[in-house]
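Need a 3D model of the sequence below.
(2 chains)
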Amino acid sequence: MRSVKSLDTAAEAGRHQREWFADLRRRVAAGEPFALLNADVPHEIFRTMDIPYAVSQWWASLVTAKQRSGHYLKLVRQRGYPDYSEQYNSVTLGSAFDPEPEAGPWGGLPKPDIIVGDASGDITRKIFDVWGQEPGVTFYPLESAAENEVPVNWWELVPHRWEEAVGPARLDLLTAELENLVRFLETTTGRRFRESRFREVMALVNEQEEWNRKTHALIARARPAPLSVVDSIPSVMLPQWHRGTEWARDIAKRFYEEVRDRVDAGQAACPDERARLMWIGRGLWYDMGFYQRFQEEYGAVFVWSMYLAVAADGYIRYGDDPMRTLAARFAAFSDQLYTPPWSSEWYVKEARSHGIDGVVHLVSDDPRGSYFTARALEAAGFPVIEIHADNVDTRTFADDVAERVGQWLEKVVLA
Amino acid sequence: MVTALAALEEAYARRGAPPAASEGRSDGRPLVVGYVGADMPVVLLTAAGVHAFRLTGDPESDFALGDRYLGRGVDPVARSVLARLLAGAFGDLDRIVVSHDCEASLRLFYALRELRRVEPGAGLPETYLVDILHLPHRTTARYNRRRIGEFAARLEAWTGRPLDLAGAVAAHNERSRLLAAVAELRRAVPARLTGRQFLAVANAALPVDEHIALLEQLLAEAGELEEHAGRRVFLSGSEHDTPHVYEAIESEGYVIVGEDHSFGDLSVHEPIGAAGLDALAEHYHHSGPTAHRATAGERAAHAAAAVRRCRAELFVAYSRIADEAPAWDFPAQRAALNIPAVLLERQEYGRADLAALRKEHPCVV
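Numbering: from 1, shown residues only, chains lettered A, B, ... in the order given. Okay, here's the model as predicted:
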């Protein structure tokens, strides 16, 4: 079942992404450096230096939406590597092994000169290090540090009081790593890093995410939901990968205005809305139609995904020292989504603000931490159903998931 | 059996058991600290005078509670440790200290921290994370120095005493020197210790001074050790906190003469140069190379050198289910070796797929 988008901003973001990628391929073909970046590392440095880049997870999502992830996992396996391990990154690695790269989506991912990822978990560094062994590819890893004690209410603290939320040890580490990254990029690409441009980029990111914050608040309040996650995910995430540009800021504003107009006109994703659902976990890229499957029969609408919510709460950082401020955006980014108490308490806050009736929780092997999320939500009165699957590996998605969710809606959420 | 070896085996059998000192701490007995992970700065625990021991799992006991809290995507060793903690299998611990040696340990720390917050009735003690990182850069070195300093201060706060760093460094250096000599006995041709025996010798649950005394005695009795002539195996990959896999492989006629995990050869280290926190931070920064923190290239180079050193005839890479890092190392390791290599992947905790091993590399003794 294909998803059906209805927002102009979602369509515009999709068009822009194709045009941007075609332009990126032209620039790389003309000899410009190309960086492949993991989602949770500071893209803002590359934006400031005008170094073309793509995001590993975005590429994996595109490959998966085109039903090609199995092909790339097979290539990983053919090289002797596991095809069952951290597929979100290894699918992208598979494109490095493709004997016909141009047969990939949209003409294929160009060969990167630089890869930047954080050393989170046991596998991410392995995957990108394997890629870094390919001729002409340099992998620049960043540490993934952890903290003993953290205040719970990170979403209130991080815009201004991020030093308190993240802690100085992690901030000192990442700030130093980023200063070194700038020097590395200046040396290897010949591009200049201008502080004035960096401040502009940082300001544009905050402006973009402030618009996302307004949109997020609007959707939380609106009854019925003016759109589902099928529209909100592309409308927020494609611009997210262009953070720090005027285009990204402006489309975030248009996204807000379009949602506001829908609310004002009383438009609904599902006119017969009976249940507001929350999707916790990464996007189900191989079956985005899943999110609309329960609207007609059950009046159940997925109104929440982490993508708009973390854009609203997880990115905004204000500060006088832009490099430390940037470090504050990423030194604990994945904790916001996957590490209790930050993750669990935030999901509860979000479920309350959005009037959620039920939570569908995609539990994959590699992000983990699911028990405390489900526990916190259930303790707060929100029913939770867990789906155990990987979001890019169709082999892991059981045939009966939709049926199980339907039964849960009938017997628990709508009972 | 050699007297010292028997005593060390007996002490190994007691690993993870509640220590006698866990009662009556109000009368001045030391704090009892259970620790987790290969990156634990054990020298600091010794310097603090606490009774510290490494928490290990048990593949034969039920760890459903660990599955519940950590999920099945986490190495079953961590799930088992958590289940055993909740069942009180380690006795009355005063503190738990966890290192960030792998994702499973970090997830275990987060679960313990959160359980203490939301389920205080579980009765878990204060839990502390020592976040030692391993990228080979000065930025990481400075971070580690800070974390080592914080941990030292925390230990002093817990005990109310200054650390005896000089004594602890000297003791750990001596123990490592003796363990290195014992490791040579296993590397002899024929081997004078099995892999299972070396695991017991290296991980005997003893205070450092008693461990040193028994290692000295074992070396003095080396001439009485049996010879083991099985096909010589280098075991790479996942950590083995119990002897199950060693026993399974050696029951087929192999003898494990070397490995690259922290319960085995990687517990033997270069001397720590000075009795200060700077030297300690540097020491732990450069420990390894473990499957979880080193690159495939580093692991392959280490494997090639270690295989030559212990004259192994077969390289067995073992990757436990939900502990996938060793499987990523294997292609580079195989390419770096000039002996047959086999990967046992997605292995159940405490088990080895011996059928695969037999099929690929039958052992002819």
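
okay, CA-based contacts and neighbour counts for the rest of this
Noted.

can you list the residues of the stretch 201-350 of chain A near chain B?
By Cα under 8 Å from any Cα of the partner chain, the part of the stretch 201-350 of chain A that sits against chain B consists of A:339-341.

mind putting those residues in JSON lines, neighbour count and pLDDT included?
Output for those, formatted as JSON lines (neighbours: other Cα atoms under 10 Å in any protein chain shown; pLDDT from 0 to 100):
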{"residue": "A:Thr339", "neighbour count": "23", "pLDDT": "96"}
{"residue": "A:Pro340", "neighbour count": "25", "pLDDT": "96"}
{"residue": "A:Pro341", "neighbour count": "25", "pLDDT": "96"}
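
Could you list which of these belong to helices?
Using DSSP state H, no member of those falls in helices.

Select from the residues you listed every entry located in strands.
Members of these lying in strands (criterion: DSSP state E): none.

Leaving out the residues flanking it, which one is nearest to the residue of the stretch 251-400 of chain A found nearest chain B?
Residue nearest to chain B within the stretch 251-400 of chain A: A:Asp365 (4.3 Å; Cα to the nearest Cα). Among residues not flanking A:Asp365 along the chain, B:Gly73 sits closest, at 4.3 Å (Cα to Cα, 6 or more residues apart in numbering or on different chains).

burial measure for residue 208, as a count.
No chain in the question, so chain A it is. Residues lying near A:Gln208 (other Cα atoms under 10 Å in any protein chain shown) number 28.

Let me rephrase: I mean chain B.
Using other Cα under 10 Å, B:Val208 is surrounded by 16 other residues.

isn't it right next to B:His172, touching?
Yes: between B:Val208 and B:His172 there is a contact under Cα atoms under 8 Å: 7.3 Å.

taking the mean pLDDT, what do you get for stretch A:109-128?
On average, the pLDDT along stretch A:109-128 is 95.

Endpoints of it, how far apart?
End-to-end span of stretch A:109-128 (Cα to Cα, to the nearest Å): 15 Å.

so how far is it off the chain centroid?
16 Å (Cα atoms, centre = their mean, to the nearest Å).

list the buried ones in it?
By 16 or more other Cα atoms under 10 Å in any protein chain shown, the buried positions in stretch A:109-128 come out as A:109-128.

And stretch B:257-271, by the same measure?
Using 16+ other Cα under 10 Å as the test for burial, stretch B:257-271 gives B:257-269.

Please narrow those residues to those residing in strands.
Per DSSP E, the subset of the buried residues of stretch B:257-271 in strands is B:257-259.

quick one: which of the residues you listed is nearest chain A?
Chain A lies nearest to B:Glu259 out of these, by Cα to the nearest Cα, at 19.2 Å.

could you point out the longest helix in chain A?
The single longest helix within chain A, with elements called by DSSP H, is helix A:195-221.

list the helices and strands that helix packs on?
helix A:44-49, helix A:246-265, helix A:306-313, helix A:322-330 (3 or more Cα pairs under 8 Å, 6 or more residues apart in numbering or on different chains; DSSP states H and E).

any idea which of those helices is most buried?
helix A:322-330 (a mean of 23; mean count of other Cα atoms under 10 Å in any protein chain shown).

and it, average pLDDT?
Per-residue pLDDT values over helix A:322-330 give a mean of 98.

Now do that helix: everything it contacts.
Helix A:322-330 is contacted from outside by A:40-42, A:44, A:158, A:162-163, A:166, A:171-172, A:174-175, A:178-179, A:198-199, A:202, A:314-319, using Cα atoms under 8 Å, 6 or more residues apart in numbering or on different chains.

With adjacent residues omitted, what lies nearest to the closest residue to chain A within the stretch 101-250 of chain B?
Closest to chain A within the stretch 101-250 of chain B is B:Glu103: 4.9 Å, counting by Cα to the nearest Cα. Take B:Glu103 and drop its neighbours on the chain: the residue closest to it by Cα to Cα, 6+ apart is A:Gly121, 4.9 Å away.

Surely that neighbour touches B:Asp101?
No: in this structure, A:Gly121 is not within contact of B:Asp101 by Cα under 8 Å, at 9.9 Å.

In the chain, which residue is most central in space?
Here I'm looking at chain A. Most central in chain A under Cα atoms, centre = their mean is A:Tyr307, positioned 5.8 Å from the mean C-alpha point.

Let me rephrase: I mean chain B.
When Cα atoms, centre = their mean is applied to chain B, the residue found nearest the centroid is B:Phe263 (3.1 Å).

didn't it look like it was pressed against B:Ala204?
No: counting by Cα under 8 Å, B:Phe263 does not reach B:Ala204; the two are 10.5 Å apart.

for the residue in chain B that chain A sits nearest to, what are its contacts?
Nearest to chain A, among the residues of chain B, is B:Gly73, at 4.3 Å (Cα to the nearest Cα). By Cα under 8 Å, 6+ apart, the residues touching B:Gly73 are A:364-366, A:368, B:322.

swap in B:Gly149?
Counting by Cα under 8 Å, 6+ apart, B:Gly149 touches B:Leu277.

thinking again about what came up before, can you list the buried residues of stretch B:257-271 in CSV and add distance to B:Asp62 and pLDDT?
Output for the buried residues of stretch B:257-271, formatted as CSV (distance: Cα to Cα, whole Å; pLDDT from 0 to 100):
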residue, distance to B:Asp62, pLDDT
B:Val257, 31, 98
B:Gly258, 30, 98
B:Glu259, 28, 98
B:Asp260, 28, 98
B:His261, 25, 98
B:Ser262, 25, 97
B:Phe263, 23, 97
B:Gly264, 26, 97
B:Asp265, 29, 97
B:Leu266, 29, 96
B:Ser267, 28, 94
B:Val268, 32, 94
B:His269, 34, 90
